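K.L.:
the sequence isn't on hand, but the structure is:
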Ligand SMILES: O=P(O)(O)OC[C@H]1O[C@H](O[C@H]2O[C@H](CO)[C@@H](O)[C@H](O)[C@H]2O)[C@H](O)[C@@H](O)[C@@H]1O
Ligand SMILES: O=c1ccn([C@@H]2O[C@H](COP(=O)(O)OP(=O)(O)O)[C@@H](O)[C@H]2O)c(=O)[nH]1
């Protein structure tokens, strides 16, 4: 079988300061181990001039090739165009979008520079799978360098409505660059519909009912491939009780109180403020819940050198303080807010201890935490997932209580309902969601995408075409 080359901004799990291994890292790494291949991307390090740039390490059949960035590259490519321009736009936050033409030049320059480092490492029948918004122009740069290999791209974030995407000045250039791939995958049917709408209405291209695109003089395949997890792995982590003492200590401090848990990078797309305020509304409207419930928010730092993230952090910390000041008692703190990252085994145990998984982003490509929370539950006495309709996961997790994070009272009502839901109903919702998590696990995501990329899947599976025919 042809070698697989993965290209992503972060190379998991070895990057310093990167997120802990989630579904993406595990699923992609498994595929690499099966076929042999290479994972290529940024090392997570910012290097001074003169330091070595490319590090190649071998682990069994997998080569990791990582490369440092200069301060200027980091500022323009990662902090600037990727995270101050694209990230807010992709998450429907045009109000936060900043644009600087020199950052866009830097973004293209770094993509071309990374592509040039990869070219000498490629063999003729390798297939190359590029991940996420940092690397949209990567294929264009490879094509210009004469690379003829099959090239695929998967967008982990939402694909926004055309009217939102067009607020980014070089939107046409970006979508034209996307058409240099052979296959472009998005997470869900709504993302696919938005991509089709842009291609047809903005770019004057055509899309067939099975996802063949003709645009900018190129032909490619598009589809929806919702990323999954390995639910049984999370379930056994959660059940094994192999967590460290912190989880036991946490349970001791809870006593008989119910736990509501949220875990997200401290990102404005995750809806943390709205969630805190809806919890406050629960305490206001349902006095019986006071002192009976604790809401724990684990929010590890992310992109903390961007102003929007700093502003978000200080607003959140002041809201937590205000709500705790208003409702707290000598023996009870309503909101426990933790600005730190935990490893997956600890999170799995915390999820299992929680009566409610409170996952309410304003926009999210998928949200693996929603899936992990359900997978970690005790099948006999599971908790309830309260899930935003704007998470990609809501397209699949029909056993959740689906909420609109803007509707504060609606969220408080959903929390109240979740906290008092009878066990039979909880079990039935859990079983439905676990079945889906097993049927649509991360291997299915990866294999469906790779079959399309190898040109083997024709027509695409029905799930991948959802959004094209409705
Ligand atoms: O690399 P960072 O800047 O530290 O950010 C971390 C990652 O965040 C985003 O994750 C997305 O991918 C998840 C898996 O498909 C999906 O569930 C989630 O909804 C997305 O937000 C980002 O897209 C990654 O590239 C970042 O590495
Ligand atoms: O302290 C933490 C917080 C999060 N995660 C993991 O990071 C991933 C977050 O993925 P998600 O899709 O929910 O959001 P993203 O951060 O990618 O936008 C999940 O696998 C979490 O289990 C972790 O390992 N430790």
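P.N.:
Arrived safely, thanks for sending. Just so we're clear, the structure is a prediction, and the values are computed from it rather than from any experiment. Ligands and ions are numbered 1, 2, ... in the order given.

K.L.:
show me which residues of the stretch 151-300 of the chain sit near ligand 1.
P.N.:
Where the stretch 151-300 of the chain comes near ligand 1, counting by CB under 6 Å from any ligand atom, the residues are 156, 157, 227. Where C-beta positions appear, they are placed from N, C-alpha and C, glycine not excepted.

K.L.:
from these, which is closest to ligand 1?
P.N.:
residue 156 (3.4 Å; CB to the nearest ligand atom).

K.L.:
wait, residue 62 touches residue 34, no?
P.N.:
No: look at residue 62 against residue 34 with CB atoms under 8 Å: they stay out of range, at 10.1 Å.

K.L.:
which bits of the stretch 351-470 of the chain sit near ligand 2?
P.N.:
Checking the stretch 351-470 of the chain against ligand 2 by CB under 6 Å from any ligand atom, the hits are 366, 367, 368, 369, 372.

K.L.:
which of those are close to ligand 1?
P.N.:
366, 367, 368.

K.L.:
in ChimeraX, select just the buried ones from these.
P.N.:
Buried members of these, defined by 16 or more other CB atoms under 10 Å, are picked up in ChimeraX with:
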select :366,367,368
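
K.L.:
any idea how far residue 430 is from ligand 1?
P.N.:
For residue 430, the distance to ligand 1 equals 21 Å [CB to the nearest ligand atom, to the nearest Å].

K.L.:
buried ones in the helix or strand that residue falls within, by neighbour count?
P.N.:
Of the helices and strands defined by DSSP states H and E, residue 430 is found in helix 423-439. Residues of helix 423-439 classed as buried by neighbour count (16+ other CB under 10 Å): 426, 427, 429, 430, 433, 434, 436, 437.

K.L.:
got it, and stretch 82-99?
P.N.:
82-93, 96-97, 99.

K.L.:
same deal with stretch 393-413?
P.N.:
Using 16+ other CB under 10 Å as the test for burial, stretch 393-413 gives 393-397, 399-403, 405, 408, 410-413.

K.L.:
ok, so of those, who is nearest residue 257?
P.N.:
residue 412 (17.7 Å; CB to CB).

K.L.:
separation between residue 378 and residue 279?
P.N.:
24 Å (CB to CB, to the nearest Å).

K.L.:
higher neighbour count, those two?
P.N.:
More neighbours surround residue 279 than the other of residue 378 and residue 279, with 26 against 14 (other CB atoms under 10 Å).

K.L.:
residues touching that one, list them.
P.N.:
By CB atoms under 8 Å, 6 or more residues apart in numbering, the residues touching residue 279 are 260, 295, 323, 334, 335, 358, 412, 415.

K.L.:
poorly predicted segments of the stretch 201-350 of the chain, please.
P.N.:
242-244 (pLDDT under 70).

K.L.:
can you give me the helices for it?
P.N.:
Taking DSSP state H, counting those that start in this stretch, the helices of the stretch 201-350 of the chain run over residues 231-240, 245-254, 272-285, 307-327, 344-353.

K.L.:
residue 27 is nearest to which of the ones you listed?
P.N.:
Among these, helix 231-240 sits nearest to residue 27 (CB to CB), with 11.0 Å.

K.L.:
give me the number of residues near residue 128?
P.N.:
Neighbour tally, residue 128, other CB under 10 Å: 27.

K.L.:
quick one, the helix or strand just after the helix holding residue 430 and helix 231-240 angle?
P.N.:
Next helix or strand after helix 423-439 toward the C-terminus (DSSP H and E): helix 442-454. Put simply, helix 442-454 runs at 160 degrees to helix 231-240, going by axes from the mean of the first three to the mean of the last three CA atoms, to 10 degrees.

K.L.:
helix 442-454 and ligand 1 in contact?
P.N.:
No: using CB under 6 Å from any ligand atom, helix 442-454 never reaches ligand 1; the gap is at least 8.9 Å.

K.L.:
against residue 314, how distant is the nearest residue to residue 310 once chain neighbours are set aside?
P.N.:
Distances taken as CB to CB, 6 or more residues apart in numbering place residue 304 nearest to residue 310, at 6.7 Å, with adjacent residues excluded. Distance, residue 304 to residue 314, using CB to CB: 12 Å.

K.L.:
go ahead and confirm residue 376 touches residue 348.
P.N.:
Yes: judged on CB under 8 Å, residue 376 makes contact with residue 348 at a distance of 4.7 Å.

K.L.:
what is the neighbour count of residue 102?
P.N.:
Residue 102 - counted by other CB under 10 Å - has 13 other residues nearby.

K.L.:
in the helix or strand containing it, what counts as buried?
P.N.:
Using DSSP H and E, residue 102 falls within helix 101-118. Neighbour-count burial for helix 101-118 flags 103-104, 106-115, 118 (criterion: 16+ other CB under 10 Å).

K.L.:
show me what the helix holding residue 430 packs onto, helices and strands only.
P.N.:
Helices and strands touching helix 423-439, by 3 or more CB pairs under 8 Å, 6 or more residues apart in numbering; DSSP states H and E, are helix 231-240, helix 368-375, strand 384-388.

K.L.:
residues in contact with the residue of the chain most remote from its centre?
P.N.:
In the chain, residue 330 marks the outermost C-alpha relative to the chain mean, sitting 38.2 Å out by CA atoms, centre = their mean. Contact analysis of residue 330 by CB under 8 Å, 6+ apart lists nothing.
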